[in-house]
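*Asks:* Build the 3D model from these lines:
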Amino acid sequence: MWPHERSLVKQLADKPFAVIGVNVSEPNPAALKKVVEKENLTWRSFTDPRTSEGWGAIAKKWNLAGTPTIYLIDHKGVIRHKWLGGARAKIIDNAVEKLIQEVEAGAK
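*Replies:* Here you go, the predicted structure:
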């Protein structure tokens, strides 16, 4: 999964686009930092540890049903797509490109 995100970040560096990671399986921020460094993840990543009641605060707020889950959020903060279990790279790429075109067309 991360190779695709790395390629998107590089390919879309000059576009209105960002990747943000939320890790629910690594509760320790120091351990997550090691993963980020080892895997060369250049985007912001947060840890959202589970609680005794289940999912962490971020996962609860976003109604997470499982992992991985990928959200495509527009520039106004509206969830446009949600893929539970991830999605094929081409599907994500097409949805991202369409959204970028909409944002850029609206900025003109």
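*Asks:* Which parts of this structure are strands?
*Replies:* Listed in chain order, the strands of the chain (DSSP state E) span 20-23, 44-47, 69-73, 79-84.
*Asks:* okay if I get those strands as TSV plus mean pLDDT?
*Replies:* Converted to TSV, the strands of the chain look like this (pLDDT from 0 to 100):
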stretch	mean pLDDT
strand 20-23	89
strand 44-47	88
strand 69-73	89
strand 79-84	90
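*Asks:* Minimum distance to Leu8: which of the ones you listed has it?
*Replies:* For those, the distance to Leu8 is smallest for strand 69-73, at 11.0 Å, taking CB to CB. From N, CA and C alone the C-beta is placed, and that goes for glycine too.
*Asks:* With mean neighbour count and distance to Ile92 as added columns, please give the strands of the chain in a markdown table.
*Replies:* Written out in a markdown table, the entries for those read as follows (neighbours: other CB atoms under 10 Å; distance: least, CB to CB, whole Å):
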| stretch | mean neighbour count | distance to Ile92 |
| --- | --- | --- |
| strand 20-23 | 16 | 14 |
| strand 44-47 | 16 | 18 |
| strand 69-73 | 16 | 7 |
| strand 79-84 | 14 | 7 |
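*Asks:* got TSV for those strands, with distance to Gln11 too?
*Replies:* What follows is the strands of the chain, written out as TSV (distance: least, CB to CB, whole Å):
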stretch	distance to Gln11
strand 20-23	17
strand 44-47	18
strand 69-73	15
strand 79-84	18
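*Asks:* Buried ones in stretch 10-29, by neighbour count?
*Replies:* Under the neighbour-count criterion of 16 or more other CB atoms under 10 Å, stretch 10-29 has 12, 17, 19, 21-24, 26 buried.
*Asks:* Residues in contact with it: which ones?
*Replies:* Outside stretch 10-29, the residues that touch it by CB atoms under 8 Å, 6 or more residues apart in numbering are 5, 8-9, 32, 35, 41, 43-50, 55-56, 58-59, 64, 67, 75, 96, 100, 103-104.
*Asks:* Can I get the buried part of those residues as one PyMOL selection?
*Replies:* One line in PyMOL is enough to select the buried ones among these; burial here means 16+ other CB under 10 Å:
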select buried, resi 5+8+32+35+41+45+47+48+49+55+56+59+64+96+100
